[in-house]
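Novice: just need the structure, nothing else, for what follows:
(one chain, ligands or ions: 2)
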Amino acid sequence: MFAALLIIFDILIIAASFYFWYESIREKEKRAPMTGMAGAISGLVLLVLIILIPGFRIYIAVIFCFTAGFGLLCLIPCKQNQRALKGSFGFITGKPKKIDERDIVFARNRCLIPGSDIYKRYYRAHPEKEEADAKRRSMGTHALGKPGSIDNCYRPNNSMVMAGFQFPMYLAKHAKPEFGAHPAPDSASKLIDPRKGSEIIKGFAKLLGASLVGICKVNSLWSYSHRGEIFFENWEDWGKELDASLPWAVVIATEMDHELVGAGPHTPAIVESGHKYAKGAYITTILAHWFSAMGFKAVADHHRHYTKLMVPLAVDAGLGELGRQGYLIAKKYGPRVRLFAVTTDMPLVPDQPIDMGAEDFCKRCLKCAEACPSKSIPTGEKTNINGIKRWKLNEESCFKYWAKIGTDCSICMGICPFSRPDTLLHRIVKLIIARSHLARLFFPYIDNIIYGKKWHTKPVSSWIDYKNQYGIKNEI
Ligand code: SF4
Ligand code: SF4
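Specialist: Ligands and ions are numbered 1, 2, ... in the order given. All right, here's what the predicted structure looks like:
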């Protein structure tokens, strides 16, 4: 009986190890399949020992008891992180000032054209930024410097990037449907029940391709104070105060493809960014026009028409938690998402912020910070800047690195343990982290042992392989 129990437990370990090995191969991991195989081989050795050498059984039973005991302890539910459950209010410590879009690195690089009137006005007010910005601009006014330079500007991929990023531009002019532009609504549409309205908009967003949808009340703190990004010659808008009066936000996340993100910092990763930005523009523009046709005001927030910071909105809408690298760690997909929103005055029912255990995990993990080639992610404690306590990404040095390689890098997105595919294996692990204090304490270290801490760019399918084996001419 004793031996039979040991054999059953051992067979379970062998099966779990093989399953882990198989999933890790599919995920193109480098070290994890070896760990899985080592687990399976150890299990097989133990099986032989259990069967052939009865004297070893007691020692093996002790090892199994420790393993099972640790597993059981990880099932004890912990006290929830109250800070996480407060959503974005949880990281406000003072009286933050709204962010001015004119100060964002992208806006400064793209829109402050040397010699122009706004260039002079801006640097008169911010002389400390002029020299560093000029240096960055000398690497290219494109956000990516010389696009695709890390892959010798491989033309098929570069063209996919251009095509994807161009699409939101076409829709930007339609991000704010003219109120009353659609057939006049009858009064009944105004009386729609908030619960029903929320159900409809979430269903419609999913139909259009959203991976996650949540609703929150808009905290105006997360709206940009002034317009700083100009995309279609609407220069008269630069510096205009932005209206943040619409009270509800439908926040949308689109999942980025695991294989393509895994190729970061090479071009497939940014091809996928462009693709998902295009998809987000498509989804939010249609949703904004749906609200308008229903007789309500609405504004689409997407890649060429952001009016707000997406991460705090997504946290408030219950899509995930703020991570060390400053991205949203979304449920199911981790930081492997792009975020969008539609704000409206249609009354809706808000979702609640969630505690996934990400904050506790980030305290000990540090993978993104250590793998970041530009050292832009802090390895230490959170800092209190502008009345907001968080791990503060250095956007300036990150952006400079993008110009060096000609892509949006994505290493911090790809390496995060929460980014792994939404399979049964990772769903179970995430569920345990969400519930267990012990898991939040130990899993970051276990993860480092199993998967390693270094970033390894993963291979991609041949259609998007950037190695240019056919000698395609790359000028673009
Ligand atoms: S890689 Fe680790 S530290 Fe970085 S965001 Fe993900 S869990 Fe947090
Ligand atoms: S995108 Fe790359 S450079 Fe920027 S923070 Fe992430 S890992 Fe660092």
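
Novice: burial count for I428?
Specialist: A count of nearby residues for I428, using other C-beta atoms under 10 Å, gives 10. C-betas here are computed from N, CA, C, even on glycine.

Novice: could you look up the SS state of it?
Specialist: helix (DSSP: H, G, I helix; E, B strand; the rest coil).

Novice: where does I215 land in three-state SS?
Specialist: Strictly by three-state DSSP, I215 counts as strand.

Novice: roughly how far does the residue lying closest to N386 once chain neighbours are set aside sit from I215?
Specialist: Of all residues not flanking N386 in the chain, P96 sits nearest, at 4.9 Å (C-beta to C-beta, 6 or more residues apart in numbering). Distance of P96 to I215, given as C-beta to C-beta, to the nearest Å: 23 Å.

Novice: between those two, which is the more surrounded one?
Specialist: The residue with more neighbours, out of P96 and I215, is I215; 22 against 14, by other C-beta under 10 Å.

Novice: settle this for me: that one is touching I252, isn't it.
Specialist: No: I215 is not in contact with I252 according to C-beta atoms under 8 Å; the separation is 10.4 Å.

Novice: OK, contacts around I201?
Specialist: Going by C-beta atoms under 8 Å, 6 or more residues apart in numbering, I201 touches V213, I215, V250, L287, W290, F291, M346, L348.

Novice: check which helix or strand covers the last one.
Specialist: Meaning L348. Take DSSP states H and E as the rule and L348 turns out to sit in neither a helix nor a strand.

Novice: still on that earlier bit, give the helix, strand or coil label for the residue nearest to N386.
Specialist: Quick answer, by three-state DSSP: P96 is coil.

Novice: which parts of the stretch 251-400 of the chain are strands?
Specialist: 298-301, 320-322, 328-330, 337-344, 383-385, 388-390 (DSSP state E, counting those that start in this stretch).

Novice: say whether ligand 1 is contacted by the longest one.
Specialist: Think strand 337-344. No: remark: strand 337-344 sits outside contact range of ligand 1, by C-beta under 6 Å from any ligand atom, the gap being at least 12.9 Å.

Novice: surely L438 touches G71?
Specialist: No: with contact defined as C-beta under 8 Å, L438 does not reach G71; the gap is 10.1 Å.

Novice: spatially nearest residue to the residue most central in space within the chain (excluding sequence neighbours)?
Specialist: When C-alpha atoms, centre = their mean is applied to the chain, the residue found nearest the centroid is P335 (2.6 Å). Excluding its sequence neighbours, the residue lying closest to P335 (C-beta to C-beta, 6+ apart) is Y327, at 4.0 Å.

Novice: secondary structure element for the closest residue to ligand 1 within the stretch 1-150 of the chain?
Specialist: Ranked by C-beta to the nearest ligand atom, the top residue of the stretch 1-150 of the chain for proximity to ligand 1 is A84, at 13.2 Å. Counting by DSSP H and E, the element that carries A84 is helix 82-85.

Novice: give the other helices and strands that that helix contacts.
Specialist: helix 358-365 (3 or more C-beta pairs under 8 Å, 6 or more residues apart in numbering; DSSP states H and E).

Novice: so H226 touches E241, yeah?
Specialist: Yes: the criterion here is C-beta under 8 Å, and H226 meets it with E241 at 5.8 Å.

Novice: quick check: domain ranges of this structure?
Specialist: 2-73, 83-103+142-464 (automatic domain parsing).

Novice: counting contacts, what elements does the helix ranked longest in the chain pack onto?
Specialist: Longest helix in the chain by number of residues (criterion: DSSP state H): helix 267-293. Judged by 3+ C-beta pairs under 8 Å, 6+ apart, the packing partners of helix 267-293 are helix 155-172, helix 194-208, strand 248-255, helix 258-261, strand 298-301, strand 337-344.

Novice: please name the nearest non-neighbouring residue to M160.
Specialist: V271 (4.5 Å).

Novice: residues in contact with the one you found?
Specialist: V271 neighbours (C-beta under 8 Å, 6+ apart): N157, M160, V161, G164, L260, I464.

Novice: in JSON lines: the residues you listed, plus pLDDT.
Specialist: Formatted as JSON lines, these follow (pLDDT from 0 to 100):
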{"residue": "N157", "pLDDT": "96"}
{"residue": "M160", "pLDDT": "97"}
{"residue": "V161", "pLDDT": "96"}
{"residue": "G164", "pLDDT": "96"}
{"residue": "L260", "pLDDT": "98"}
{"residue": "I464", "pLDDT": "96"}
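
Novice: pull the most distant pair out of the residues you listed.
Specialist: Spanning the widest gap among the contacts of V271 are G164 and I464, at 12.5 Å by C-beta to C-beta.

Novice: OK, contacts around K458?
Specialist: So K458 contacts K28, E29, E259, G262, A263, G414 (C-beta under 8 Å, 6+ apart).

Novice: contact partners for the third one?
Specialist: For E259, the residues meeting the contact criterion (C-beta under 8 Å, 6+ apart) are K28, P268, K458, V460, S461.

Novice: possible to save those residues as a markdown table with distance to ligand 2?
Specialist: A markdown table is the format used below for the contacts of E259 (distance: C-beta to the nearest ligand atom, whole Å):
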| residue | distance to ligand 2 |
| --- | --- |
| K28 | 19 |
| P268 | 15 |
| K458 | 15 |
| V460 | 18 |
| S461 | 23 |
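
Novice: E101: which of those residues is nearest?
Specialist: Distances from E101 to the contacts of E259, taken by C-beta to C-beta, are shortest for P268, at 29.5 Å.

Novice: what about that closest one, how many residues close to it?
Specialist: That count, for P268 with other C-beta under 10 Å as the rule, works out to 28.

Novice: didn't it look like it was pressed against G274?
Specialist: No: when contacts are counted by C-beta under 8 Å, P268 is not listed as touching G274 (10.8 Å).

Novice: where does the prediction get shaky in this protein?
Specialist: 179-189, 469-476 (pLDDT under 70).

Novice: what does it put close to ligand 2?
Specialist: Residues of the chain lying near ligand 2 (C-beta under 6 Å from any ligand atom): 325, 372-374, 376-377, 393, 398, 401, 409-412.

Novice: so among those, which ones count as buried?
Specialist: Q325, C372, S374, S376, I377, L393, C398, Y401, C409, S410, I411, C412 (16 or more other C-beta atoms under 10 Å).

Novice: and these, which of them are in helices?
Specialist: C398, Y401, I411, C412.

Novice: the third one: what's it in contact with?
Specialist: Just to be clear, that refers to I411. If you count contacts by C-beta under 8 Å, 6+ apart, then I411 has G264, P265, C368, A371, C372, P373, W455 around it.

Novice: returning to that earlier point: report the inter-axis angle for the longest helix of the chain versus strand 248-255.
Specialist: Using axes from the mean of the first three to the mean of the last three C-alpha atoms, to 10 degrees, the inter-axis angle of helix 267-293 relative to strand 248-255 is 150 degrees.
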